[in-house]
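Visitor: Quick one: sequence and predicted model below, then my questions.
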Amino acid sequence: MKLIFMGTPDFSVGTLEALIEAGHTITLVVSQPDKPKGRGHELIPTPVKAAALKHNLPVFQPRRLREELAEETIRETEADAIVVVAFGQLIPQSILDMKKHGCINVHASLLPKYRGAAPIQWAVIDGERKSGVTIMQMDAGLDTGDILLVKTVPLDEKETGGSLFDKLAVAGAAACVEALEKLEKGELTPVKQGESPTAYARMLTKEMGKIDFSRPAAEIERLVRGLNPWPSAYTKLGGKTLKIWAAEVVSILASEKDEKGETHNCVEPAHDNNTLPGTVVGVTKTAVHVSCGQDILAITELQLEGKKRMDAGAFLRGYPMEPGLVLGT
């Protein structure tokens, strides 16, 4: 098929590459405008633009799709369908209706769950056991179009936003190729979506990462994984930002024993319901144990502002913590 591809971030690149490999003709790649980065404010091409240029594909970067030039360019470009993967703008109805097969979208959730901007991270934060990708026929709503194809991906116990991102990017690329093949053969039956059983997966912000230790430890642990690698979960230590990269939930703090069987950094009692949330209640060679609204969060990987990311053992050798210290103040 002849396709116009619309996408911007890393997540979109795998699908573009898969479509090229499958033999589809990409007549135009549409991506968001380049953005300045670094001290020199050098314009950096979007990941999709960089991939398109590698394949010598024409690239178009309109500021807004509703501009006359944008609509005219897309209308004049020959294509059977438009494939949209995390483009970053709402597609106006005029463009949705331009091509024979309309706009086909790769969405990183099992629709109608997690419509919106950050479905991958919210699936982890909410403790979902599975996620997946939905190939959708786009309409004027936000992720409300008819479902064409669905692929399910199970979540690992320690799944992070980053690891699920990678899995769904691969799954989405394969599903898109399969869907277009079936679409061309007339083998797809669109299915109407029902109402979404979850709130919209709202966009992530840095402020979302601020840890509220009055919440249950299990909830905080999911937040840590869901916001890894961006924007990351964090608290405060000595007035500096302390990012939490990995943690576990424990209800009883076990003593650590060395090779001689002697205990070190033993924590007793394991947890006191009257302890202020955010209080360090114990320190072992592998974790910093912090009181939460329910159970205890054992922090195993962390990073102090201006320093590198490290495991708890390495961190504690440079920044000792003692029981009674309160994080977040």
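Guide: Alright, I've got the coordinates.
Visitor: going forward, measure contacts between C-alpha atoms and count neighbours the same way
Guide: Fine.
Visitor: List the residues that contact K206.
Guide: Applying Cα atoms under 8 Å, 6 or more residues apart in numbering to K206 gives the contacts P231, S232.
Visitor: Return the per-residue confidence for it.
Guide: Note for K206: predicted pLDDT of 96.
Visitor: I'd assumed Q137 was in contact with L111.
Guide: No - using Cα atoms under 8 Å, L111 is not in contact with Q137; the gap is 12.0 Å.
Visitor: quick one: the helices in this structure?
Guide: For the chain, the helices defined by DSSP state H cover 10-21, 47-54, 68-76, 93-96, 119-125, 161-185, 217-226, 312-318.
Visitor: The longest one: which residues count as buried?
Guide: The neighbour-count check on helix 161-185 (16 or more other Cα atoms under 10 Å) flags 161-165, 167-177, 179-181 as buried.
Visitor: likewise the last one?
Guide: Burial within helix 312-318, assessed by neighbour count using 16+ other Cα under 10 Å, is assigned to A312, G313, F315, L316.
Visitor: what's the answer for the third one, then?
Guide: For helix 68-76, burial by neighbour count (16+ other Cα under 10 Å) applies to A70, E71, I74.
Visitor: ok, now the shortest one?
Guide: Of the residues in helix 93-96, those buried by neighbour count under the rule 16+ other Cα under 10 Å are I95, L96.
Visitor: Alpha carbons only: can I get it in CSV?
Guide: What follows is helix 93-96, C-alpha atoms only, in CSV (Å, rounded to 0.1, in the frame of the first residue of the first chain):
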residue,chain,number,x,y,z
GLN,A,93,-11.9,15.6,10.3
SER,A,94,-10.8,16.9,6.9
ILE,A,95,-7.6,14.8,7.1
LEU,A,96,-9.4,11.8,8.6
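Visitor: helices and strands of this structure: which one bottoms out on pLDDT?
Guide: None of the helices or strands of the chain scores lower by mean pLDDT, DSSP states H and E than strand 263-264, at a mean of 43.
Visitor: burial measure for the residue nearest to D10 when sequence neighbours are not counted, as a count.
Guide: For D10, ignoring the flanking residues on the chain, the nearest one in space by Cα to Cα, 6 or more residues apart in numbering is P47 at 5.5 Å. Residues contacting P47 under the criterion other Cα atoms under 10 Å number 17.
Visitor: was I right about P47 contacting L16?
Guide: No - in this structure, P47 is not within contact of L16 by Cα under 8 Å, at 10.8 Å.
Visitor: circling back to that earlier point, reformat the buried residues of helix 312-318 as JSON lines; add distance to V326.
Guide: Listed next are those as JSON lines, based on distance: Cα to Cα, whole Å:
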{"residue": "A312", "distance to V326": "17"}
{"residue": "G313", "distance to V326": "19"}
{"residue": "F315", "distance to V326": "17"}
{"residue": "L316", "distance to V326": "16"}
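Visitor: Quick one: the strands in the stretch 1-150 of the chain, in order.
Guide: 2-7, 25-30, 35-37, 42-44, 59-60, 81-85, 103-107, 130-137, 146-154 (DSSP state E, counting those that start in this stretch).
Visitor: Same list, these, but as JSON lines with distance to T235 please.
Guide: Formatted as JSON lines, the strands of the stretch 1-150 of the chain follow (distance: least, Cα to Cα, whole Å):
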{"stretch": "strand 2-7", "distance to T235": "34"}
{"stretch": "strand 25-30", "distance to T235": "39"}
{"stretch": "strand 35-37", "distance to T235": "27"}
{"stretch": "strand 42-44", "distance to T235": "32"}
{"stretch": "strand 59-60", "distance to T235": "42"}
{"stretch": "strand 81-85", "distance to T235": "34"}
{"stretch": "strand 103-107", "distance to T235": "32"}
{"stretch": "strand 130-137", "distance to T235": "29"}
{"stretch": "strand 146-154", "distance to T235": "30"}
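Visitor: In terms of mean pLDDT, which of those strands ranks lowest?
Guide: Among the strands of the stretch 1-150 of the chain, strand 35-37 carries the lowest mean pLDDT (a mean of 87).
Visitor: Tell me the strands beside that one, with direction?
Guide: Using DSSP bridges, the strands paired with strand 35-37 in its sheet are strand 42-44 (antiparallel).
Visitor: Any idea how far the strand it pairs with is from the middle of the chain?
Guide: Mean-position distance between strand 42-44 and its chain equals 24 Å (Cα atoms, centre = their mean, to the nearest Å).
Visitor: from here on, count from 33
Guide: Right, with 33 as the first residue, what we last looked at is strand 74-76.
Visitor: How about residues contacting that strand?
Guide: D66, K67, P68, K69.
Visitor: and these, which are buried?
Guide: Among the contacts of strand 74-76, those buried by neighbour count (16+ other Cα under 10 Å) are D66.
Visitor: Ends of stretch 211-229, what's the gap?
Guide: 25 Å (Cα to Cα, to the nearest Å).
Visitor: Identify the residues contacting that stretch?
Guide: 33, 143-147, 167, 169, 176-181.
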